[in-house]
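A.B. asks: Any chance you can model this:
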Amino acid sequence: QVQLVESGGGLVQPGGSLRLSCAASIATFSSYAMSWYRQAPGKARELVERISSAGGSTNYAESGKGRFTISRDNANHTVYLQMNNLKSEDTGVYYCNALKTAWAGRFEYWGQGTQVTVSS
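C.D. replies: Numbering: from 1, shown residues only. As a prediction, this is how the structure comes out:
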């Protein structure tokens, strides 16, 4: 049973920082691209940051550019999202995603989400 468990969310003031973690119970974790998505109230889920299976490259949405950093620890099956200089528009539920496409098919998993609220 694959599980992705996010943690690290909470209430933070504008300009503050948070570090989200996602622990994945995937035996072949290192073969998955890992991503963080965000869903703001009343809006569709959007990609925030993605890191490749080897961690050698990252892609990011404009909203987090220069403020968010994704990283992964393959030995501990964990992916992180460091968020700095948080803004009110960063408020939302943050979801961890694992994705692998291979000859055997497409494998994708989601976590349950962690709430981030940026407010004074």
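A.B. asks: so where do the strands sit in this protein?
C.D. replies: Along the chain, counting by DSSP state E, strands occupy 4-7, 10-12, 18-24, 33-39, 46-51, 58-60, 68-73, 78-83, 92-102, 105-110, 114-118.
A.B. asks: lowest-confidence stretch among these?
C.D. replies: Among the strands of the chain, strand 58-60 has the lowest mean pLDDT, at a mean of 72.
A.B. asks: Quickly note the distance from the closest residue to Arg38 other than its chain neighbours to Gly10.
C.D. replies: Nearest non-adjacent residue to Arg38, counting by C-beta to C-beta, 6 or more residues apart in numbering: Gly92, 4.5 Å away. Where you see a C-beta, it was placed from the backbone N, CA and C, and this is true even at glycine. Shown here: Gly92 relative to Gly10, a distance of 13 Å by C-beta to C-beta, to the nearest Å.
A.B. asks: Just want to know which of these two has more residues nearby.
C.D. replies: Gly92 (21 against 12; other C-beta atoms under 10 Å).
A.B. asks: residue contacts, that one?
C.D. replies: Gly92 is in contact with Arg38, Gln39, Ala40, Pro41, Lys43, Gln115, Val116, counting by C-beta atoms under 8 Å, 6 or more residues apart in numbering.
A.B. asks: again with Gly9
C.D. replies: Here Gly9 is in contact with Leu18, Leu20, Tyr94, Thr114, Gln115, Val116 (criterion: C-beta under 8 Å, 6+ apart).
A.B. asks: Might one say that the second one is in contact with Ser7?
C.D. replies: Going back to what we said before, that points to Leu20. Yes. Here Leu20 reaches Ser7: they are 7.2 Å apart, a contact under C-beta atoms under 8 Å.
A.B. asks: Am I right that Glu46 is in contact with Tyr60?
C.D. replies: No. Glu46 is beyond contact range of Tyr60, at 11.3 Å (criterion: C-beta under 8 Å).
A.B. asks: Same drill for those two, tell me which one is more crowded.
C.D. replies: Tyr60 (19 against 12).
A.B. asks: thinking again about what came up before, report the buried members of the contacts of Gly92.
C.D. replies: The neighbour-count criterion (16 or more other C-beta atoms under 10 Å) marks Arg38, Val116 among the contacts of Gly92 as buried.
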